[in-house]
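Participant: Pasting a predicted model and its sequence here:
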Amino acid sequence: MSGGAWRDDSLRESDARFPSGRWVGYWRQESHQGRMQLDITFGNGRLFGDGRDFVGDFTLSGSYCTQSGRCTIHKTYLGQHDVHYDGTASARGIAGSWEIHDADEPAMNSRGPFHIWPVGPGSGESLQEEVAQPLPVHEAPTARNDG
């Protein structure tokens, strides 16, 4: 979707929660965290872009609403599976949950939280620190011997 209309800055979204350009963030799946780098263009309630993480390169398409802040993103890993993101935009970026639903491969079905935010002035070190925080370690319960 590299149409010339998207190159016209007047068609890009003016709402500060949806700036076109470079975004970063993460998704979590159980005890794993995947950092993402994304390039997203927002305009007229639609979004498109691409990005990469340790799973691979992907394309993005979706929609957003400036009134509610709701944002849905369809992520397609090149030659692999799709992921659906449903989130809400705020001054701290877009956060919500992701889901993989593959009827052909039920073992792939999964879900978890995500958070992405724009890179640039004011994108805050606190968000970078959020990515750097270690994930909680869940230990298996141990047998208790009261006897």
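Facilitator: Cool, got the structure.

Participant: What sits closest to Gly96 if chain neighbours are left out?
Facilitator: The spatially closest residue to Gly96, leaving aside those adjacent along the chain, is Gly87, at 2.8 Å (Cβ to Cβ, 6 or more residues apart in numbering). Where C-beta positions appear, they are placed from N, C-alpha and C, glycine not excepted.

Participant: mind checking the SS state of the one you found?
Facilitator: Following DSSP: H, G, I helix; E, B strand; the rest coil, the label given to Gly87 is strand.

Participant: and whichever strand or helix holds Val24, which strands flank it?
Facilitator: Here Val24, judged by DSSP states H and E, is contained in strand 21-29. Counting by DSSP bridges, the strands paired with strand 21-29 are strand 32-43 (antiparallel), strand 110-118 (antiparallel).

Participant: which one of those strands lies closest to Asp15?
Facilitator: Closest approach to Asp15 among the strands paired with strand 21-29 is made by strand 32-43 (8.0 Å; Cβ to Cβ).

Participant: And whichever helix or strand comes after the closest one, what's buried?
Facilitator: Following strand 32-43 in sequence order, the next helix or strand is strand 46-53 (DSSP H and E). Residues Leu47, Phe48, Gly49, Gly51, Asp53 are the ones in strand 46-53 that count as buried (16 or more other Cβ atoms under 10 Å).
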